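Student: sequence? don't have it. structure:
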């Protein structure tokens, strides 16, 4: 397993000022919840996998804890054999805190869990899962919380599961175990959403797949500085072959530097793109005032482990529940065009699609603007 937590790279002050000077607040439906007053502090953490298999710790793509002052943190992992009968594909986690709210998310593709013992067998398979949690200050004394989860192709012990969308849906496992779907737990000042929680008593496994926690501290706070981040995970079918592609993406400007990550797998070709640096984060050239809800992120990437490539990713947050959100990626083996470089627009690979609106797809893109 290779897991990466992301450090920022320097960004020109002029670009930072241009992007953050006049952030709009008109796209409120794109958030799980909207606060109405500045929070005094923030908390949150996201993990693609966490738990225990006997005495073995299970941990994949852990963001670590968000600082009380807020900001953005993220992690991503390639395909991972976790142990305890669990294996997962590309994973993405991110937490953003600022202004009035904290938002946390975790997405995991290609979940395969299989346990066996003399007493029985349990299997849990899913093409894609994603959890999201949000907390927001609504007054200096009160906070509000929300959570959501998405699933594609969930099968338990050979039987397809009809996910209801309700919190804490459960499916019995052999041997008295339990699978909890869209597990939601509200604590003191926090909300936790676990996409899947496997409690397999036969195999002594207690594993959470897609864990997101978000919290805020209410109280008197000064007006927060503006911020602009985008995060998301999901899958599209707009590849050259029509095969599914999974992605995890994050971008923004943090502490005066570019921040983010990219993890992308085309299952038709086997191509895996992984960032090594974030080199640009901008609005569309047709939208210099950042009035729409799309962002362009440029990355130096490896292509199946080989360096020397550039990826240009355009993502759009078009509101909840995310079906109309879009993801587009272009890969360059030569100098790319602006804003990623000064070359020509001659990509060697292109893929795009919405996340389940007009074609198969899933996941969610979130534009986070501190306000």
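Tutor: Thanks, I have it. Remember, predicted model here, so these are calculated numbers, not experimental data.

Student: residue 347 - nearest residue in space that isn't next to it in sequence?
Tutor: Closest residue to residue 347 apart from its sequence neighbours, by Cβ to Cβ, 6 or more residues apart in numbering: residue 330 at 4.0 Å. Any C-beta I mention is one placed from the backbone N, CA and C, and that applies to glycine too.

Student: in the strand or helix carrying residue 112, which residues are buried?
Tutor: For residue 112, the host element (DSSP states H and E) is strand 101-117. Across strand 101-117, burial judged by 16 or more other Cβ atoms under 10 Å covers 101-111, 113, 115.

Student: closest to residue 274 out of those residues?
Tutor: Closest to residue 274 out of the buried residues of strand 101-117 is residue 109 (14.3 Å), distances taken as Cβ to Cβ.

Student: how about low-confidence regions in the stretch 201-350 of the chain?
Tutor: Where the stretch 201-350 of the chain drops to pLDDT under 70, the residues are 224, 288-289.

Student: for residue 203, see how far away the residue in the chain sticking out farthest from the centre is.
Tutor: Of all residues in the chain, residue 118 has its C-alpha farthest from the mean position, at 37.9 Å, by Cα atoms, centre = their mean. Plainly put, residue 118 is 11 Å away from residue 203 if you go by Cβ to Cβ, to the nearest Å.

Student: which one is residue 91 nearest to, not counting chain neighbours?
Tutor: Leaving out its chain neighbours, the residue that sits closest to residue 91 by Cβ to Cβ, 6+ apart is residue 48, at 3.5 Å.

Student: okay, and that neighbour sits in which element?
Tutor: strand 41-53.

Student: other SSEs contacting the very next helix or strand once past that strand?
Tutor: Heading C-terminal from strand 41-53, the first helix or strand you meet, by DSSP H and E, is strand 56-62. If contacts are counted by 3 or more Cβ pairs under 8 Å, 6 or more residues apart in numbering; DSSP states H and E, strand 56-62 sits against strand 3-5, strand 41-53, strand 71-77, strand 80-83, strand 91-98.

Student: adding mean pLDDT, mean neighbour count and distance to residue 295, write those out as JSON lines.
Tutor: Formatted as JSON lines, the helices and strands packed on strand 56-62 follow (pLDDT from 0 to 100; neighbours: other Cβ atoms under 10 Å; distance: least, Cβ to Cβ, whole Å):
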{"stretch": "strand 3-5", "mean pLDDT": "41", "mean neighbour count": "15", "distance to residue 295": "21"}
{"stretch": "strand 41-53", "mean pLDDT": "97", "mean neighbour count": "25", "distance to residue 295": "20"}
{"stretch": "strand 71-77", "mean pLDDT": "95", "mean neighbour count": "25", "distance to residue 295": "13"}
{"stretch": "strand 80-83", "mean pLDDT": "94", "mean neighbour count": "18", "distance to residue 295": "28"}
{"stretch": "strand 91-98", "mean pLDDT": "96", "mean neighbour count": "31", "distance to residue 295": "13"}
